[in-house]
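Engineer: Requesting a structural model of the entry that follows:
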Amino acid sequence: MPTTPPKSNATLYFSPRFSRLAAHPDLQAIQSALMGHDWPKLAEFFNGLPDQNTRSVAYRILADVRGKGTDEFLAKAAQSETGSTVARTFYATTLIYRGWEVRGAKWAKGVSSAQFASLHDYMRRAEGVLREAVADDPGNASAWTGLLDTARGLQMSQVEARRRYEQAIIADPNHFRAQGLLLQKLAPKWGGNSWDEMHAFATECLQSCPNGALGAVQVVDGHLERWLGLKRGWSASRYLRKAHVREEIHLAAERSVLHKSFTKTYGWVPVHSSFAMAFSLIGDYQAAAVHFRALGTYANRVPWLYLGNPATTFVKHRTRALQKAQ
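Structural biologist: Numbers count the residues shown, from 1 in each chain. Take a look at the predicted model:
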């Protein structure tokens, strides 16, 4: 058992809240409209968000909400939609989420043929809805981002993934979700050509995004993907401790969530979680503690599930970082 922490850190030693909604009171409030099948209220909420990236992340977070008949309600809203593509984009995002949920987080060899069949069914359905959406609204970055996700799920080519990404960033040059999805597609485990190509893209995101934006996290997520590809053993730990890797992760943190321009927009919890885990694995406990304190009682399952049970591993590394950083 850990020693009793200082009073100022006391709340940080409890189990984290992994709910995607927990850190966003406005999304918690709007979920009642989803549960109550109130499409006008949902449409008003989505249309009132400040930018397309915020809308994309809101779609993704709310896709986790399940209620009686919610999926059928969204399907009807999508089918009857005219003059907008919001309902179709949200519905397709929900289909994509259901597909990845069925597949699970295991490596491909641990996924059954029935799981793959279900994944592909969800992805094909979402693909059809999203193709209609971008035909009606080519500037819908959220829909293009969804098509980037289906490209990965349906194992489309790197060329096609890049085409869809380019369409998303034409509509929204710093679209955080699109960046993260292309990064995944460029990783060798999803058919990427090389680690170098993936890291080069992450560096592009770092260099092009404004100070305080979330896009710089693609650098650390890319390094965590490579660490994972090295099977988390001795060579993996040595990789993360390389000087250039540490420097790049520190720079990414300084340019994003540690920058004075940073605000807690949708997606801040996963980003702080990635930095907290990377610095923990590097052994830079002072840096890790900064991100654990910023997270407070919140956390994201990814990337902690890479280490086993996400709650157990998160608490273990948080406790170690806070104690060593005192």
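Engineer: The stretch 101-250 of the chain: helices as residue ranges?
Structural biologist: In the stretch 101-250 of the chain, the segments counted as helices under DSSP state H, counting those that start in this stretch are 113-136, 141-153, 158-171, 176-186, 195-208, 217-229, 234-240, 243-255.
Engineer: check contacts around residue 276.
Structural biologist: 288, 291-292, 295, 317-318, 321 (Cβ atoms under 8 Å, 6 or more residues apart in numbering). Every C-beta, even on glycine, is put in place using the N, C-alpha and C of the backbone.
Engineer: What of residue 311?
Structural biologist: 15-16, 18, 304.
Engineer: Scan those residues and report the most crowded one.
Structural biologist: residue 304 (26 neighbours; other Cβ atoms under 10 Å).
Engineer: Touching, it and residue 314? I think so.
Structural biologist: Yes. If you go by Cβ atoms under 8 Å, residue 304 and residue 314 touch, sitting 4.7 Å apart.
Engineer: quick one: common contacting residues for the two?
Structural biologist: In contact with both residue 304 and residue 314: no residue, using Cβ under 8 Å, 6+ apart.
Engineer: Among the contacts of residue 276, which lie within helices?
Structural biologist: With DSSP state H as the criterion, helices contain 288, 291-292, 295, 317-318, 321 from among the contacts of residue 276.
Engineer: Out of those residues, which is nearest to residue 274?
Structural biologist: If you rank the ones in helices among the contacts of residue 276 by distance to residue 274 using Cβ to Cβ, residue 291 comes first, at 8.6 Å.
Engineer: on that earlier part again, want to throw the ones in helices among the contacts of residue 276 into JSON lines with neighbour count?
Structural biologist: Listed next are these as JSON lines, based on neighbours: other Cβ atoms under 10 Å:
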{"residue": "288", "neighbour count": "25"}
{"residue": "291", "neighbour count": "23"}
{"residue": "292", "neighbour count": "28"}
{"residue": "295", "neighbour count": "23"}
{"residue": "317", "neighbour count": "20"}
{"residue": "318", "neighbour count": "25"}
{"residue": "321", "neighbour count": "25"}
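Engineer: right, so the helices of the stretch 101-250 of the chain: which one is the most enclosed?
Structural biologist: helix 141-153 (a mean of 28; mean count of other Cβ atoms under 10 Å).
Engineer: elements contacting that helix?
Structural biologist: Judged by 3 or more Cβ pairs under 8 Å, 6 or more residues apart in numbering; DSSP states H and E, helix 141-153 is in contact with helix 52-62, helix 86-103, helix 113-136, helix 158-171, helix 176-186.
Engineer: wait, which of those helices is closest to residue 26?
Structural biologist: helix 52-62 (8.9 Å).
Engineer: Can you show me the CA trace of the closest one as PDB?
Structural biologist: The C-alpha trace of helix 52-62 is given here as PDB (Å, rounded to 0.1, in the frame of the first residue of the first chain):
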ATOM      1  CA  GLN A  52     -15.500  21.100 -36.500                       C
ATOM      2  CA  ASN A  53     -12.900  19.400 -34.400                       C
ATOM      3  CA  THR A  54     -14.800  20.000 -31.200                       C
ATOM      4  CA  ARG A  55     -17.900  18.600 -32.900                       C
ATOM      5  CA  SER A  56     -16.000  15.500 -34.000                       C
ATOM      6  CA  VAL A  57     -14.800  14.800 -30.500                       C
ATOM      7  CA  ALA A  58     -18.300  15.400 -29.100                       C
ATOM      8  CA  TYR A  59     -19.700  12.900 -31.600                       C
ATOM      9  CA  ARG A  60     -17.200  10.300 -30.500                       C
ATOM     10  CA  ILE A  61     -17.700  10.900 -26.700                       C
ATOM     11  CA  LEU A  62     -21.500  10.700 -27.000                       C
END
